[in-house]
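Student: Attaching a predicted model along with its sequence, questions to come.
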There are 2 protein chains.
Amino acid sequence: MVKQLRAARTRQALVLAAAEVFAADGYALASLPAICRRAGVSTGALHFHFPSKDALAIEVESAARRSVEQLVADRRPSAPSALHLLVTVTREVLAEVAVDVVVRAGFKLSVDPSRKNGAGFGCWWRAWVCEELLRAQRAGELADGVSPDRVAAVIVAATVGFEVLGAQDRDRIPPRHVEQFWSLVLPQLAAHGHQFAGVALSDS
Amino acid sequence: MVKQLRAARTRQALVLAAAEVFAADGYALASLPAICRRAGVSTGALHFHFPSKDALAIEVESAARRSVEQLVADRRPSAPSALHLLVTVTREVLAEVAVDVVVRAGFKLSVDPSRKNGAGFGCWWRAWVCEELLRAQRAGELADGVSPDRVAAVIVAATVGFEVLGAQDRDRIPPRHVEQFWSLVLPQLAAHGHQFAGVALSDS
């Protein structure tokens, strides 16, 4: 039992150290010895848990996805509408990027040109945004003529842009920029009369 | 004279080949031999023109910036307003990203985590967007309460996001997505009565 606990802790330390190194240096330059040093773990222990750098990166992306999925699951019950949930989650995910290195590394890995076969965190995020917009449309929350598919592309581009820029320079995504995005976009997006924009933008 | 012409051609072939390799593999994995092979140039010739991979990347970013500056210079005389120019240039820059590998590589290098000291193409782009919004504000084109600084952050995040995603998968930035971005954002951005949005979005 103690042994299992120790193994789980080692694994977690490796994922955290790998996220820090991937976020700082990118996938290609991230070195396994640097990750071991940062985690305080031997290379033998690393290879016991992860056979390759690719396996480590897949685990970082999976952990990032689990974090965001958890955030979605936590917020869904209290969200009064699909659009609310979308605004809340994008806002909180971008706040997470600034403080949670695993989420930050997940987004960076998903657009890292040196990583050819990601674990699909970026794809999952795009699919989630699109799915939520389709839910919003079915619930009559979207203005007439708004295409969930096209709007999803805009929201994903903006969030990925905020993440990529924020990852380079943390002070580039202060929350007010994310609020600015929604305050520009929501009035065109939400169905007329939908009591949404005011609520969403004032409870931050 | 013939020699100078040949040297200029070799240099241009190297910049193009480097842009292709940087765009495909990222900075860290781009190999000088691969760039030479693609350019049909010896490694000796490469080192005659560029002492290092860094020097090549700086030249690619500078060439990308010159292309976008040229585009701005071409469009400025006929643009009826600063906002018009901003919409036209972002639209055309994103179209360029899809077809011009140097511009694509410039944007990718500017957010490449493995490249620590870029030539500032990304910074230049952010500064340009901000400057144009300030011009729009001075000319009374922006709605009351719109902050050029915050809106610049949104536009830069969206354009960088489109570029990063588009660079991964070209069909992810069809022009209609860029139009969707502006059709969402412009009505909130432009001063009431500014005859802008309709013109900009219909002449594409």
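Tutor: Sure, I can see it. Bear in mind the structure is a predicted one, so any value in this text is a computation, not a measurement. Numbering: from 1, shown residues only, chains lettered A, B, ... in the order given.
Student: wait, is residue A:80 part of a helix?
Tutor: No - read with DSSP: H, G, I helix; E, B strand; the rest coil, residue A:80 is coil and lies in no helix.
Student: show me the contacts for residue A:23.
Tutor: Counting by CB atoms under 8 Å, 6 or more residues apart in numbering or on different chains, residue A:23 makes contact with A:101, A:104, A:105, A:108, A:167, B:113. Glycine gets a C-beta too; all of them are placed from N, C-alpha and C.
Student: Relative to residue B:151, which of these is nearest.
Tutor: Using CB to CB, the shortest approach to residue B:151 within those belongs to residue A:167, at 21.4 Å.
Student: what is the mean pLDDT for the longest helix anywhere in chain A?
Tutor: If you go by DSSP state H, chain A has its longest helix at helix A:2-29. Averaged across helix A:2-29, the pLDDT comes to 92.
Student: before we move on, what about stretch A:67-78?
Tutor: Stretch A:67-78 comes out at a mean pLDDT of 95.
Student: Show me which residues of chain A sit near chain B.
Tutor: Applying CB under 8 Å from any CB of the partner chain, one finds that chain A approaches chain B through A:23-26, A:28-29, A:108, A:111-114, A:147, A:150-151, A:153-154, A:156-162, A:164-165, A:167-168, A:172-173, A:176-177, A:180-181, A:183-185, A:187-189.
Student: per-residue confidence at the nearest residue to residue A:7 once chain neighbours are set aside?
Tutor: Among residues not flanking residue A:7 along the chain, residue A:49 sits closest, at 7.7 Å (CB to CB, 6 or more residues apart in numbering or on different chains). We have a pLDDT of 95 for residue A:49.
Student: got a winner among the contacts of residue A:23 for most neighbours?
Tutor: Most neighbours among those, by other CB atoms under 10 Å in any protein chain shown: residue A:105, with 31 neighbours.
Student: Which helix or which strand is home to that one?
Tutor: helix A:101-110 (DSSP states H and E).
Student: Let me know the next secondary structure element after that helix.
Tutor: Following helix A:101-110 in sequence, per DSSP H and E, is helix A:121-138.
Student: Of all the residues in that following helix, which ones are buried?
Tutor: Residues of helix A:121-138 classed as buried: A:121-122, A:124-126, A:128-130, A:132-133, A:135-137 (neighbour count, 16 or more other CB atoms under 10 Å in any protein chain shown).
Student: Pop out the phi and psi values for residue A:190.
Tutor: phi -80, psi 140 (degrees, to the nearest 10).
Student: Equivalent analysis for residue A:52, please.
Tutor: Here residue A:52 shows phi and psi, under degrees, to the nearest 10, equal to phi -160, psi 170.
Student: before we move on, what about residue A:142?
Tutor: Torsion angles, degrees, to the nearest 10, at residue A:142: phi -90, psi 150.
Student: Return the residues in contact with it.
Tutor: Residue A:142 touches A:83, A:133, A:136, A:148, A:151, A:189, A:190, A:191, counting by CB under 8 Å, 6+ apart.
Student: And for residue A:27?
Tutor: Here residue A:27 is in contact with A:53, A:57, A:109, A:112, A:114, A:115 (CB under 8 Å, 6+ apart).
Student: Columns neighbour count and pLDDT on top of these, output as JSON lines?
Tutor: JSON lines is the format used below for the contacts of residue A:27 (neighbours: other CB atoms under 10 Å in any protein chain shown; pLDDT from 0 to 100):
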{"residue": "A:53", "neighbour count": "19", "pLDDT": "94"}
{"residue": "A:57", "neighbour count": "24", "pLDDT": "95"}
{"residue": "A:109", "neighbour count": "27", "pLDDT": "89"}
{"residue": "A:112", "neighbour count": "26", "pLDDT": "84"}
{"residue": "A:114", "neighbour count": "19", "pLDDT": "83"}
{"residue": "A:115", "neighbour count": "21", "pLDDT": "81"}
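Student: Can you tell me which of the residues you listed is closest to residue B:3?
Tutor: residue A:114 (37.6 Å).
Student: That closest one and residue B:94, how far apart?
Tutor: 23 Å (CB to CB, to the nearest Å).
Student: swap in residue A:127?
Tutor: The value you get for residue A:127 to residue B:94, if CB to CB is used, is 23 Å.
Student: Would you mind confirming that residue A:53 is in contact with residue A:30?
Tutor: Yes - between residue A:53 and residue A:30 there is a contact under CB atoms under 8 Å: 6.7 Å.
Student: Out of the contacts of residue A:27, flag the one nearest to residue B:45.
Tutor: Of those, the one sitting nearest to residue B:45 (CB to CB) turns out to be residue A:114, at 26.5 Å.
Student: residues in contact with the closest one?
Tutor: Residue A:114 makes contact with A:26, A:27, A:28, B:25, B:26, B:28, B:29, B:114, according to CB under 8 Å, 6+ apart.
Student: Need phi/psi at the closest residue to the second one other than its chain neighbours.
Tutor: The spatially closest residue to residue A:27, leaving aside those adjacent along the chain, is residue A:115, at 4.3 Å (CB to CB, 6+ apart). In this entry, residue A:115 is assigned phi and psi values of phi -110, psi 110 (degrees, to the nearest 10).
Student: surely residue A:115 meets residue A:109?
Tutor: Yes - contact criterion CB under 8 Å: residue A:115 and residue A:109 qualify, at 5.7 Å.
Student: got any residues that touch both of the two?
Tutor: A:27, A:57.
Student: Poorly predicted segments of chain A, please.
Tutor: Per-residue confidence for chain A (pLDDT under 70) gives these ranges: A:1, A:117-119, A:166-175, A:193-204.
Student: ok, 80 please
Tutor: Scanning chain A for pLDDT under 80 picks out the ranges A:1, A:113, A:116-119, A:164-178, A:192-204.
Student: mind pulling up the phi and psi values for residue A:114?
Tutor: phi -90, psi 0.
Student: Separate out the buried members of the residues of chain A next to chain B.
Tutor: Buried among the residues of chain A next to chain B (16+ other CB under 10 Å): A:23-26, A:28-29, A:108, A:111-114, A:150-151, A:153-154, A:156-162, A:164-165, A:167-168, A:172-173, A:177, A:180-181, A:183-185, A:188-189.
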